[in-house]
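Participant: the sequence and its predicted three-dimensional model are supplied below.
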Amino acid sequence: MELVRRAGEIFSAQPLNLGTGAPIGWSREARPIHAFRLGSGETRVSLLAGCHADEPVGPRLLLQLAAYLSALASDDLLLTDYEWWIVPHINPDGAERNRAWQHDDAEAYDLGEYLAHVVREPPGDDIEFGFPADKTDWDARPENRAVYDWWHAAEGPFALHVSLHGMGFAAGPWFLIEPAWRDRFDRVREICLQAVDELGYELHDVERQGEKGFFRLERGFCTRPDSRFMREYFIARDEPDTASLFRPSSMETVRSLGGDSLTLVSEMPLFITPGVGESLGPPDPVAEEWKSLLEGWRARLQAGRKAAGVAAAARARGLEAMPIRDQMKLQWAFIAAGLEQIQALDR
């Protein structure tokens, strides 16, 4: 838990200005993709955030973390034991489209603003599942191509890769595990369970029966999605054109560089929907009820109702915004847990 306890120090750091340093590439709309390589240790770690336009918390954590690592003394163990490859935000165009509700200094996001303005890429135009199939795949998005080429400059494997994601609505935190490590994540489980318990949250739980690669391991833990299962999902829906658009994920790409990389995906909810997962289904009756309520609130906003009124109605039903600081603490705990898992197996 020593690494987990660094959270307070990390959050006290002044976030880096993304304008520092030369970009590794450019987005579709010519916004820079920045990356930071820090430390000189033998254990190479990749951290990525921002893949989906409507998931802003991961980038906020990685900017804090990059600032913290940049300010450490050169003999700090975080720099001598690890080599950090950090891409705080791979999707600056998506962030710009969501600027109306993604306030950089928000302590929690506003439901009314979120429902009124949230924008997410459609299936098949998904940066997480948009990495080049190989070095000759020039049709991949430029954001993906930039990070793909940067990772290949490492000329070797990564011990750990964490892609920080989020959910709009869930019962609580959800942790996704590399399928090849499904029998080797005991330390990850222990650390994450303790962190969730200390903050007073319930774990999210869902039974998706392998859809898109989501195989439930236990409450709060599931295997991460996979591009092959993504394509199978859309083929089964008679959408072969959409299926053909899915490329390897960041997790698959990192593992293709060699070694037995532990890949993790964090899923932290912006808004807590109590009761989800108490009956797994499918379908989960409580999740379906929340889905119906949210569709109704979104329709009211489109009809001209004020965002504050919708947010108040949601609070009256028990929906709460999850504090961004708590989401970031749990994301860092997940990263630290991955590092401790690797160390435990190396001993």
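Facilitator: Perfect, thanks for sending it. All figures in this text were calculated on a predicted structure; none of them were measured in a lab.

Participant: quick check: longest helix of the protein.
Facilitator: helix 324-346 (DSSP state H).

Participant: number of nearby residues for Gly94?
Facilitator: Gly94 has 24 neighbouring residues, counting by other Cβ atoms under 10 Å. Every C-beta, even on glycine, is put in place using the N, C-alpha and C of the backbone.

Participant: quick one on the thing from earlier: helices and strands around the longest helix of the chain, which ones?
Facilitator: Helix 324-346 sits against helix 7-12, strand 43-49, helix 57-71, strand 160-170, helix 186-199, strand 262-272, with contacts defined as 3 or more Cβ pairs under 8 Å, 6 or more residues apart in numbering; DSSP states H and E.

Participant: quick one: closest of the ones you listed to Pro142.
Facilitator: Closest to Pro142 of the helices and strands packed on helix 324-346, according to Cβ to Cβ: strand 43-49, at 15.7 Å.

Participant: may I have the strands that pair with that closest one, each with its orientation?
Facilitator: Next to strand 43-49 in the sheet, as set by DSSP bridges, lie strand 82-87 (parallel), strand 160-170 (parallel).

Participant: quick revisit: tabulate the CA atom coordinates of the longest helix of the chain in PDB.
Facilitator: Only the C-alpha atoms of helix 324-346 are listed here, as PDB (Å, rounded to 0.1, in the frame of the first residue of the first chain):
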ATOM      1  CA  ILE A 324     -13.600  13.800  -9.100                       C
ATOM      2  CA  ARG A 325     -11.000  13.500  -6.300                       C
ATOM      3  CA  ASP A 326     -12.400  10.200  -5.300                       C
ATOM      4  CA  GLN A 327     -12.400   8.900  -8.800                       C
ATOM      5  CA  MET A 328      -8.800  10.000  -9.200                       C
ATOM      6  CA  LYS A 329      -7.800   8.300  -5.900                       C
ATOM      7  CA  LEU A 330      -9.200   5.100  -7.100                       C
ATOM      8  CA  GLN A 331      -7.600   5.300 -10.500                       C
ATOM      9  CA  TRP A 332      -4.200   5.900  -8.800                       C
ATOM     10  CA  ALA A 333      -4.900   3.000  -6.400                       C
ATOM     11  CA  PHE A 334      -5.500   0.800  -9.400                       C
ATOM     12  CA  ILE A 335      -2.200   1.900 -11.100                       C
ATOM     13  CA  ALA A 336      -0.400   1.300  -7.800                       C
ATOM     14  CA  ALA A 337      -2.000  -2.100  -7.400                       C
ATOM     15  CA  GLY A 338      -0.800  -3.100 -10.900                       C
ATOM     16  CA  LEU A 339       2.700  -2.100  -9.900                       C
ATOM     17  CA  GLU A 340       2.500  -4.100  -6.700                       C
ATOM     18  CA  GLN A 341       1.100  -7.100  -8.500                       C
ATOM     19  CA  ILE A 342       4.100  -7.200 -10.800                       C
ATOM     20  CA  GLN A 343       6.500  -6.800  -7.900                       C
ATOM     21  CA  ALA A 344       4.800  -9.600  -6.000                       C
ATOM     22  CA  LEU A 345       5.200 -12.000  -8.900                       C
ATOM     23  CA  ASP A 346       8.800 -11.000  -9.500                       C
END
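
Participant: quick one, that helix and strand 160-170 angle?
Facilitator: Here helix 324-346 runs at an angle of 140 degrees relative to strand 160-170 (axes from the mean of the first three to the mean of the last three Cα atoms, to 10 degrees).

Participant: chain center to helix 324-346: distance?
Facilitator: Helix 324-346 has its C-alpha centroid displaced from the chain centroid by 13 Å (Cα atoms, centre = their mean, to the nearest Å).

Participant: repeat that for stretch 133-150.
Facilitator: When distances are taken as Cα atoms, centre = their mean, stretch 133-150 is centred 20 Å away from the chain's centroid.
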